Structure formats: C-alpha cells, structure tokens
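> only geometry, no sequence info:
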C-alpha cells in the first residue's frame with residue numbers, strides 16, 4: 001500500500017529529502033531548457049521550439065514513470081497549418097487511484113533587446129538567489145517543477161506509486177494557444193484526469209504560496225483609424241482637416257474616466273473580497289515612478305483582479321525620427337483589454353467595439369482586425385483537490401496558502417473545463433512578484449522553485465493515498 005501522508009509522518013521528510021537531493025539536477029536541467037530560444041511567435045525560428053519539445057520529451061521519458069511519452073501537434077483553429085509541438089505523456093492509475101494532469105508550456109516570449117538585460121536572455125545566470133533568463137520562470141520552471149516532483153515521488157514510492165499521471169506541455173501558449181482546443185479534442189483520452197494542475201501562475205511572495213482562484217479574460221484587436229485618402233501637407237491643411245493621429249488620440253481618451261477607470265458601458269466587475277495590498281506595495285512591485293499616481297478606484301487588488309482594464313500595447317504611426325510635415329491619413333493601434341471574471345468575452349468585445357464606433361471623432365473611419373478573445377475563469381474551491389493542494393502548500397512552505405486572483409489571463413483553462421467538465425482545476429506556479437515574466441531580466445527565485453517542487457510532490461503523494 002502507498003503511504004498515507006496523515007498516517008505516515010515519515011512521508012513528508014522522505015519527500016523533502018528526495019526533492020532536496022534532486023534540486024541541483026532540476027536546476028541544471030532547467031538551465032539547459034532556458035538555453036533553447038523556443039519563441040513560438042511568427043517570425044522566429046521554429047526549429048528551436050522543436051528542439052525544446054524534444055528536450056522536454058526526453059526529461060519525462062527518463063523518469064521511467066510513464067507508459068507513453070510523445071510529441072504531437074494539432075491544427076490551429078482555421079485549419080491552415082499545424083500548431084507548435086506539444087509533449088504528452090501518460091501512466092494509467094492502479095488500485096482505484098485518481099489521475100492528475102500536469103500542464104505547463106515550454107515556449108517563451110520574445111526576449112526583446114539584449115541591452116535591456118543584465119545578462120543575455122538565453123544564457124541562464126545565477127545572481128544571488130535567482131536564476132535569470134527568458135523562460136527561467138515562465139514557464140520552463142513549471143515544466144521542471146513537474147519533472148522534479150515526478151522524480152521525487154517515484155524515488156520515494158517506487159512500485160507503490162499507483163496514481164495515474166498525465167502530462168501536457170504546450171508549445172504555443174505565448175502565441176495564443178491557437179491549436180489548444182483541437183489538441184484537447186484529438187488527445188482527450190490520453191489527457192483525461194480527475195484533477196488538473198496548471199503550473200503557470202505566481203505566489204504571494206517568496207515566503208508565502210498562493211493558489212490562484214480567479215483569472216481575468218482578455219480581448220485584443222488592431223484598430224485602424226482613417227481620416228484621409230492620402231497624406232497631406234500639415235501647413236496647408238492643418239487646422240481645418242483632422243488627421244488620423246488627432247482622431248486616434250481623441251478616441252482613445254474616451255476609454256477612461258478622469259481617475260483612469262474604464263469608461264466603457266457593458267463591462268462588468270466581479271465582487272469579491274481581496275487581501276490587504278498597499279499602494280506602497282504596488283509602487284514597489286510595478287516600478288511606478290515617484291509622483292505618478294495609480295489609476296482606478298476600489299481596492300488595488302480589485303482593480304488588478306476583478307475589474308476590466310484597457311491598454312494600448314502598440315501603435316503604428318510615423319516615428320519621431322521619420323516625422324515630416326504631413327497629416328497622417330491612418331493610424332493603427334493594438335488594443336488589449338482584460339475582462340473581469342463573470343464577463344462573456346464576446347459581449348465584452350462587442351461593448352468595446354461599439355463604444356469606439358459611437359465615439360469616433362470627426363466621422364473618422366474605423367477598421368477592426370486580428371480580434372481574439374479569451375474567457376475569464378473562477379475556480380470552484382469546494383472540491384477535494386483544492387483542499388489537498390492547499391494542505392500540500394502549507395506542509396511544503398510552512399505557512400498557509402493565500403487564495404489570489406491574477407490580472408493576467410490564461411484563456412485555455414476555459415477549454416480545459418469544456419472538454420473535462422468533471423476535472424478539478426488547480427492553478428499554481430513557481431513565480432513571485434519579482435519574476436518579471438515577459439520582461440527583461442526575467443528570473444526564478446530558487447527557494448520558491450524548491451518549495452514549489454516539494455508542494456507538487458506532496459500533492460502527488462496525497463492523491464496517491466486517495467481512493
């Protein structure tokens with residue numbers, strides 16, 4: 001019989017010893033993954049994503065735990081091409097034990113400019129307690145947390161490991177998970193599970209674990225504002241003819257109230273309590289400059305977790321260097337909106353698009369393109385898997401877990417729930433507020449990494465003892 005954590009006090013020390021012994025190997029394997037520039041965006045060399053998938057496949061196969069380990073692809077939504085390679089593995093449960101699905105992703109964000117990094121983005125570097133590099137935290141550390149936890153539980157339990165374990169390591173999460181829904185449908189049998197761990201979130205801080213229970217959804221699109229059939233001389237026509245830049249500035253200013261709150265009718269706010277989080281804490285974690293005030297109203301965490309937010313993340317317009325004395329005929333901007341839990345993503349898109357059309361100044365022409373939506377998510381915290389996960393966090397970290405929301409989005413969770421409606425979803429992670437995922441100098445706190453591995457190993461042991 002597999003040991004029961006509650007009735008076998010040697011299990012936690014045994015797992016702690018196994019995780020500690022395996023930590024150097026886990027960090028070394030993670031460093032090798034970080035060296036692979038597996039950017040999944042168009043315009044990058046997809047051979048690196050292929051190499052990353054093969055490296056991840058080899059890691060799971062080497063555990064000796066799984067009956068099958070494969071690299072697979074699925075068609076993207078429009079069927080025009082295959083998505084990026086994903087790693088899938090499975091071992092069947094024995095003796096009535098449940099099955100857990102472990103999710104993470106091996107692709108990474110583009111690194112940006114090398115000069116913005118203190119060390120090269122794909123050269124993993126340890127400074128102090130942190131490992132720096134693109135993907136060191138998001139989400140190759142999630143991949144390695146799964147690998148290291150499986151190693152530890154296998155080392156401890158050996159033939160007494162009866163738990164079913166499925167693995168899904170995606171290869172295009174940072175590029176919109178375009179083949180995700182098709183992949184789930186095509187591999188449903190191999191991925192079926194009673195509980196799902198999505199290791200792609202963060203913790204409250206480096207000493208306190210968090211279980212993410214709320215995720216905002218997202219709406220993105222490109223907006224093109226046109227006022228002229230061609231560029232015209234600004235001296236000859238300026239003052240009578242509205243150029244596209246003027247119209248765009250006026251239009252975008254209608255998206256927010258004076259205090260910076262979103263001013264688009266039809267968007268909802270989720271009502272839920274939030275932990276204490278001060279403005280000083282916000283300033284420190286966000287690098288808000290002195291004299292610059294926060295925006296919005298309500299508690300700070302309600303603004304970050306439970307309210308909509310609209311940002312302009314890119315703009316195509318004449319650069320300052322190339323500026324000439326002309327009126328711009330058209331300007332394009334990338335609009336990114338986060339939507340609150342409980343908001344329908346398509347309804348939110350229509351509300352925002354409708355607001356922009358209704359407020360287009362000077363009769364400017366608007367064109368919408370490249371629209372994408374992702375649904376928000378609320379975790380059902382009443383199930384046994386949540387209780388086991390929080391208990392595992394408390395045992396591994398030595399403090400109780402905080403239930404948190406996150407301002408970011410993981411839209412594919414809605415796809416998981418649709419395909420596996422009976423599965424309990426656990427959103428965990430290895431990041432902390434200083435990880436700077438998606439930004440220059442992304443890093444992983446190695447103490448958090450250690451405790452995240454132990455947390456997952458303890459959770460696997462708990463589920464292995466569950467009939």
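Alright, I've got the coordinates. Just so it is clear, the model here is predicted, and its values are computed rather than measured. Residues are numbered from 1 along each chain as shown.
> every contact and neighbour count from this point should use C-alpha atoms.
OK.
> hmm, residue 59 and residue 69 touching each other?
No. The criterion here is CA atoms under 8 Å, and residue 69 misses it with residue 59 at 9.9 Å.
> out of those two, which sits in the more crowded spot?
Using other CA atoms under 10 Å, the more surrounded residue of residue 69 and residue 59 is residue 69, with 21 against 17.
> residue 383 against residue 424, yeah?
Yes. Counting by CA under 8 Å, residue 383 does reach residue 424; the two are 7.0 Å apart.
> higher neighbour count, these two?
For the pair residue 383 and residue 424, the greater number of neighbours falls to residue 424 (21 against 13), based on other CA under 10 Å.
> and that one, what is it in contact with?
194-196, 380, 383, 385-386 (CA atoms under 8 Å, 6 or more residues apart in numbering).
> among those, name the ones in strands.
Among the contacts of residue 424, the members found in strands (DSSP state E) are 195-196.
> can I get the contacts of residue 424 in CSV with pLDDT and distance to residue 229?
Formatted as CSV, the contacts of residue 424 follow (pLDDT from 0 to 100; distance: CA to CA, whole Å):
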residue, pLDDT, distance to residue 229
194, 97, 58
195, 97, 56
196, 97, 53
380, 88, 53
383, 92, 59
385, 95, 60
386, 96, 58
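> can you pick the most crowded of the contacts of residue 424?
Busiest of the contacts of residue 424 [other CA under 10 Å] is residue 196, holding 26 neighbours.
> for the protein, list the residue farthest from the centre, please.
For the chain, the residue at maximal distance from the C-alpha centroid (CA atoms, centre = their mean) is residue 236, at 49.7 Å.
> if we go by neighbour counts, what in the host helix or strand of that one is buried?
When elements are defined using DSSP states H and E, residue 236 is found to belong to helix 234-237. Judged by neighbour count using 16 or more other CA atoms under 10 Å, the buried positions of helix 234-237 are residue 234.
> next SSE after it?
Next element after helix 234-237 (DSSP H and E): helix 244-252.
> check the offset of the following helix or strand past that following helix from the chain's centre.
Note on helix 244-252: by DSSP H and E, the next helix or strand toward the C-terminus is helix 279-286. Offset of helix 279-286 from its chain centre (CA atoms, centre = their mean, to the nearest Å): 21 Å.
> quick one: contacts of helix 279-286?
Contacts for helix 279-286 (CA under 8 Å, 6+ apart): 288-289, 294, 300, 433-434.
> what's the domain layout of this structure?
The chain breaks down into these domains under automatic domain parsing: 11-215+377-464, 217-270+307-374.
> can you list the low-confidence ranges for the protein?
1-10, 78 (pLDDT under 70).
> could you redo the last one with a cut-off of 50?
Within the chain, the stretches with pLDDT under 50 are 1-9.
> would you map the strands across the stretch 351-467 of the chain?
365-374, 377-378, 402-406, 424-431, 443-445 (DSSP state E, counting those that start in this stretch).
> turn the ones you listed into TSV, including distance to residue 207.
As requested, the strands of the stretch 351-467 of the chain are exported to TSV (distance: least, CA to CA, whole Å):
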stretch	distance to residue 207
strand 365-374	31
strand 377-378	25
strand 402-406	11
strand 424-431	12
strand 443-445	10
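> nearest to residue 147, of those strands?
strand 424-431 (13.4 Å; CA to CA).
> tell me how far the closest one lies from the chain's centre.
Using CA atoms, centre = their mean, the offset of strand 424-431 from its chain centre is 10 Å.
> which parts of this structure are helices?
Per DSSP state H, the chain carries helices over the ranges 11-34, 47-62, 140-157, 180-186, 188-191, 234-237, 244-252, 279-286, 300-305, 345-358, 384-397, 412-419, 446-464.
> turn those helices into JSON lines, including distance to residue 313.
JSON lines is the format used below for the helices of the chain (distance: least, CA to CA, whole Å):
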{"stretch": "helix 11-34", "distance to residue 313": "26"}
{"stretch": "helix 47-62", "distance to residue 313": "25"}
{"stretch": "helix 140-157", "distance to residue 313": "25"}
{"stretch": "helix 180-186", "distance to residue 313": "24"}
{"stretch": "helix 188-191", "distance to residue 313": "35"}
{"stretch": "helix 234-237", "distance to residue 313": "27"}
{"stretch": "helix 244-252", "distance to residue 313": "12"}
{"stretch": "helix 279-286", "distance to residue 313": "17"}
{"stretch": "helix 300-305", "distance to residue 313": "17"}
{"stretch": "helix 345-358", "distance to residue 313": "16"}
{"stretch": "helix 384-397", "distance to residue 313": "35"}
{"stretch": "helix 412-419", "distance to residue 313": "22"}
{"stretch": "helix 446-464", "distance to residue 313": "30"}
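> for residue 188, the count of nearby residues, please.
13.
> for residue 135, that is, sorry about that
With other CA under 10 Å as criterion, residue 135 counts 34.
> correct me, but it touches residue 105?
No. If you go by CA under 8 Å, residue 135 and residue 105 don't touch, sitting 9.6 Å apart.
> report the set of residues contacting both of those two.
Common neighbours of residue 135 and residue 105 (CA under 8 Å, 6+ apart) do not exist.
> looking at the helices of the chain, which is nearest to residue 226?
So among the helices of the chain, helix 244-252 is nearest, using CA to CA, at 5.4 Å.
> buried residues in that closest one?
Buried-residue list, helix 244-252, by 16+ other CA under 10 Å: 244-248, 251-252.
> and the furthest pair within those?
Greatest spacing in those, by CA to CA: 244 and 252 (12.0 Å).
> which residues touch residue 155?
Residue 155 sits in contact with residue 18, where contact means CA under 8 Å, 6+ apart.
> residues in contact with residue 65?
91, 150, 154.
> any chance of TSV for the buried residues of helix 244-252, columns distance to residue 311?
Formatted as TSV, those follow (distance: CA to CA, whole Å):
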residue	distance to residue 311
244	19
245	17
246	18
247	17
248	14
251	13
252	10
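> how far off centre is stretch 362-382?
Counting by CA atoms, centre = their mean, stretch 362-382 comes out at 17 Å from the chain centroid.
> can you check stretch 35-49 too?
Going by CA atoms, centre = their mean, where stretch 35-49 is centred and where its chain is centred differ by 18 Å.
> buried residues in that stretch?
Result for stretch 35-49 [16+ other CA under 10 Å]: buried residues 35-41, 46, 48-49.
> brilliant, that's me finished.
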